[in-house]
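requesting a structural model of the entry that follows:
(chains A and B)
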Amino acid sequence: MDTNELFIFILAVFVGFEVISKVPSMLHTPLMSGTNAIHGIILFGGILVLAGAVTPLQIGLGFVAVVFGSANVFGGFMVTDRMLQMFKKKK
Amino acid sequence: MSSIKDYIIIGVSVLFIIGIKFLSSPKTARKGNLIAAAGMIIALLALHKSPTEGGEYVWSQGWTFNYTLIVIGTLIGAVIGAIGAYSVKMTAMPQMVAMFNGAGGGAAALVASLEFMRGATNQDKITSFIAGSMLFAVLIGSLSFSGSIIAYFKLEGKFEKPITFPGQNILNGLILLVILGLCGWLTFQFTNGNATLLFTAVFVLALIFGVAMVMPIGGADMPVVISLLNSFTGLAVAADGFAIHNLAMVVAGTLVGSSGTLLTLLMCKAMNRPVTNVLFGAFGSGGGGAAGATGDMAGKTVKPIQADEVAVLLAYAQQVVIVPGYGLAVAQAQHAVRELSDELGKRGVEVRFAIHPVAGRMPGHMNVLLAEANVPYDQLSEMEAINPTMERVDVCLVIGANDVVNPAARENKSSPIYGMPIIEADHAKTVIVMKRSMAAGFAGIENDLFYKDNTRMLFGDAKNSLNALVAQVKAS
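Sure thing, here's the model as predicted:
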């Protein structure tokens, strides 16, 4: 077990709590959608396992993981941007 | 900590944190999303160039069939994501977020499964800590996957009502116990001959548990569920990060996990309900209070009003507050309401929009919908800002909103929504409620507001009524 990883994990827990503690409710939906896109980094995990996959089953599952992860990351950021581009101040 | 990879991970983590920070203020939100996206692109482009610990995945072994599949898979996912993101109607936004979240959860579960399969044939690379991380990722990831799909269907209006049966919580508890038992055993027995089979069992049971967990929850509570599942997926991704020693995944996943948990709690706070009540309370099925409230209404009548009268009231008012609800969005009347507000503004009427924290299908959903219709966000007021001024408001126009203006939340202790903060529309001098019919709101509760002395009902399709109002105000 790597204690460095655990240490970083603990710090990230607190940072995550801290950064959104003052978010107004009007931004709850975009924030949820934006953080949803950030966990799309799982695409990277999908790429790694597919790169190392050997059997047809592993390759098939890895391929699905990459498609899912890619949909999560690209769709997530795009849909969040589409929501946020509408937040404008009065001209 | 010295390779280029480590520095990139530090930079990417900082971009994610700044991105989320910026996302929590309206002025910087869009920039925040783009910053996080930039971090993601850097992570994806740069990280795979370097070998991971132990050199298991060296990218430079030459091009293989798998790499072709990676490119194809990424492109397919990107196209699906782009089509989904740009074709979805703003009213269906929560469903879309649920689907993307489900995809992420599914990917997290698959990544963990594949790592476990590899570990089973390559046992010296795996420790109990890593096995535990994989089990956590597969459990939470697949639960998030199936739960998100159920949430999607519920928001689409399919089996919207909570599905409950006696002993449901006990049965769900038993499934969870079996899953946890299997996980506990596998954490230490990952080299056992049956490990892969049992790991698959965890995968399948967790899928079932995700369905069983979300099924009994009413459609109105789906936003909280999606937010919770979003933070779950984050944690699953972090666990995958531990399993494959990828710090960028640990940091990104954990940030989402903790901020998502806080966001879930904030949403529940806006509805004034503890999170346990949302998850295990079967909100919509608590028929006792609602039925009682219906009984009280017998014999009371509503007072209808015509559009031309409303137009006069609005045109000669000083202060108007508009309370939009999901009904407004369903009628696609956001643009009509903005026109009405502009027209009144030209006449010197002060118009404000009162946004309840849970208006729409998701907190902040109504803001997005109005923003789409070019209503400037400084004209949108939060409930706390509007309520103290409500007594000075001449006309409060409630459009397709119901539960969020129901005074039962303040007055009727037996009501299921008792204690939820509401927009105190009934304190305005005149309340105009625009409604298609006398049907109850999403929570299935009668609304006393409709029967108050200062309330008038304008029946009809919100869009048609609003267009009529715009024309009448222009003429008067």
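
I'd like to know how far B:Met99 sits from B:Val225.
14 Å (C-beta to C-beta, to the nearest Å). The way it works is simple: take the backbone N, C-alpha and C, and place the C-beta from them, glycine included.

doesn't B:Ile9 fall inside a strand?
No: B:Ile9 is assigned helix when assessed by DSSP: H, G, I helix; E, B strand; the rest coil, not a strand.

verify the stated contact: it with B:Val250.
No: assessed by C-beta atoms under 8 Å, B:Ile9 is found out of contact with B:Val250, at 9.3 Å.

neighbour count winner among the two?
B:Val250 (28 against 24; other C-beta atoms under 10 Å in any protein chain shown).

against which helices or strands is the longest helix anywhere in chain A packed?
Identified as the longest helix of chain A according to DSSP state H is helix A:3-19. Helix A:3-19 sits against helix B:4-23, helix B:222-243, helix B:247-270, with contacts defined as 3 or more C-beta pairs under 8 Å, 6 or more residues apart in numbering or on different chains; DSSP states H and E.

do that again at 10 Å, thanks
Packing partners of helix A:3-19 (3 or more C-beta pairs under 10 Å, 6 or more residues apart in numbering or on different chains; DSSP states H and E): helix B:4-23, helix B:128-155, helix B:222-243, helix B:247-270.

quick one: the longest one to helix B:247-270, angle?
I take that to be helix B:128-155. Compare the direction of helix B:128-155 with that of helix B:247-270 by axes from the mean of the first three to the mean of the last three C-alpha atoms, to 10 degrees and you get 40 degrees.

pLDDT weak spots in the chain?
Just going to use chain A. Across chain A, the ranges flagged by pLDDT under 70 are A:1-2, A:88-91.

try again with chain B
Checking chain B against pLDDT under 70 turns up B:1-2, B:47-62, B:120-125, B:160-161, B:281-299, B:361, B:439-444.

thinking again about what came up before, ranking the helices and strands packed on helix A:3-19 by burial, who's on top?
Mean neighbour count (mean count of other C-beta atoms under 10 Å in any protein chain shown) peaks for helix B:222-243 among the helices and strands packed on helix A:3-19, with a mean of 30.

re earlier: and the next element down the chain from the longest helix of chain A?
helix A:28-38 (DSSP states H and E).

does the following helix or strand past that next one reach chain B?
Past helix A:28-38, further along toward the C-terminus, the next helix or strand under DSSP H and E is helix A:42-52. Yes: where contact is defined by C-beta under 10 Å from any C-beta of the partner chain, part of helix A:42-52 touches chain B, namely A:42-52.

just the buried members of the residues you listed?
Neighbour counting over the residues of helix A:42-52 next to chain B (16 or more other C-beta atoms under 10 Å in any protein chain shown) leaves A:42-52 as the buried ones.

can you tell me how far the residue most central in space within chain A is from B:Gly77?
The centre of chain A sits closest to A:His39, judged by C-alpha atoms, centre = their mean, with a distance of 1.8 Å. From A:His39 across to B:Gly77, the span is 14 Å (C-beta to C-beta).

ok so, going back, need the residues touching each of B:Met99 and B:Val225.
B:148, B:151 (C-beta atoms under 10 Å, 6 or more residues apart in numbering or on different chains).

quick one on the thing from earlier: could you single out the nearest of the residues of helix A:42-52 next to chain B to B:Lys158?
Comparing the residues of helix A:42-52 next to chain B against B:Lys158 with C-beta to C-beta places A:Ile42 closest, at 27.4 Å.

so what's that closest one up against?
Neighbour list for A:Ile42: A:65-66, A:68-70, A:72-73, B:103-111, B:137, B:141, B:233-234, B:236-238, B:240-241, B:249, B:252-253 [criterion: C-beta under 10 Å, 6+ apart].

if we go to 6 Å?
A:Ile42 makes contact with A:69, B:104, B:107-108, B:237 under the criterion C-beta atoms under 6 Å, 6 or more residues apart in numbering or on different chains.

likewise for B:Leu69?
Residues in contact with B:Leu69 (C-beta under 6 Å, 6+ apart) are A:Phe63.

my read is B:Glu446 is in a strand, agree?
No: going by three-state DSSP, the assignment for B:Glu446 is coil, not a strand.

how much space separates it from chain A?
For B:Glu446, the distance to chain A equals 26 Å [C-beta to the nearest C-beta, to the nearest Å].

cool, B:Pro376 as well?
Using C-beta to the nearest C-beta, B:Pro376 is found at 3 Å from chain A.

likewise for B:Val14?
Counting by C-beta to the nearest C-beta, the gap from B:Val14 to chain A is 10 Å.

again with B:Pro223
Relative to chain A, and taking C-beta to the nearest C-beta, B:Pro223 is found at 8 Å.

doesn't B:Met362 make contact with that residue?
Yes: counting by C-beta atoms under 6 Å, B:Met362 is a contact partner of B:Pro223 at 4.0 Å.

can I get the contacts of A:Ile42 in a markdown table including secondary structure?
Converted to a markdown table, the contacts of A:Ile42 look like this (three-state DSSP):
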| residue | secondary structure |
| --- | --- |
| A:Gly69 | helix |
| B:Gly104 | helix |
| B:Ala107 | helix |
| B:Ala108 | helix |
| B:Val237 | helix |
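
could I get those as a markdown table with distance to B:Gly325?
Below are the contacts of A:Ile42 laid out as a markdown table (distance: C-beta to C-beta, whole Å):
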| residue | distance to B:Gly325 |
| --- | --- |
| A:Gly69 | 36 |
| B:Gly104 | 30 |
| B:Ala107 | 35 |
| B:Ala108 | 35 |
| B:Val237 | 35 |
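
just the residues you listed now: which is nearest B:Ala373?
Among these, and counting by C-beta to C-beta, the member closest to B:Ala373 is B:Gly104, at 30.3 Å.

so which of the helices and strands packed on helix A:3-19 gets nearest B:Arg436?
Of these, nearest to B:Arg436 by C-beta to C-beta is helix B:128-155, at 19.9 Å.
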